[in-house]
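> Return a 3D structure for these sequence lines:
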Amino acid sequence: MAVPKKKISSARRGSRRAHNALKTPQLASCSNCQEAVMPHRVCPKCGWYDGREVVEVED
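Below is the predicted model:
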């Protein structure tokens with residue numbers, strides 16, 4: 001079995017984990033209601049996508 005010969009320092013461990021942080025999702029605005037939505041998804045507020053109504057939303 002492979003066993004580390006020396007302790008990994010906290011700086012080396014931190015450098016390895018430097019890219020693990022969560023990023024905030026990029027948001028676009030809906031072309032119909034200007035609500036913030038994730039790109040390439042149907043607007044959950046009004047049901048529009050790509051300039052036309054795709055899903056009928058109940059109030």
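> ok, now how distant is the most centrally placed residue in the chain from residue 59?
The centroid of the chain falls nearest to residue 25 when counting by CA atoms, centre = their mean (3.6 Å). Distance of residue 25 to residue 59, computed by CB to CB, to the nearest Å: 26 Å. Heads up, the C-betas are built off the backbone N, CA and C, glycines and all.
> Would you mind measuring the gap between the ends of stretch 15-35?
Here the two ends of stretch 15-35 are set 38 Å apart, with distance taken as CA to CA, to the nearest Å.
> show me where the chain has strands.
Using DSSP state E, the strands of the chain run over 28-29, 36-37, 48-49, 52-53.
> Paired strands for the last one, with orientation please.
Spelled out, that is strand 52-53. The strands beside strand 52-53 in its sheet (DSSP bridges) come out as strand 48-49 (antiparallel).
> Distance check, the nearest residue to the residue nearest to the centre of the chain once chain neighbours are set aside against residue 3.
Nearest residue to residue 25, sequence neighbours excluded (CB to CB, 6 or more residues apart in numbering): residue 38, at 6.1 Å. The gap separating residue 38 from residue 3 is 45 Å, by CB to CB.
> who has more neighbours, those two?
Between residue 38 and residue 3, counted using other CB atoms under 10 Å, residue 38 has the larger neighbour count: 12 against 4.
> That one: what's it in contact with?
For residue 38, the set of contacting residues under the criterion of CB atoms under 8 Å, 6 or more residues apart in numbering consists of 25, 26, 27, 28.
> top of the residues you listed by neighbour count?
residue 28 (13 neighbours).
> residues in contact with that residue?
36, 37, 38, 39.
> Any idea how many residues pack against residue 39?
Counted with other CB under 10 Å, residue 39 comes out at 8.
> So for it, what's the nearest residue that isn't a sequence neighbour?
In space, residue 39 is closest to residue 28, 4.7 Å off (CB to CB, 6+ apart).
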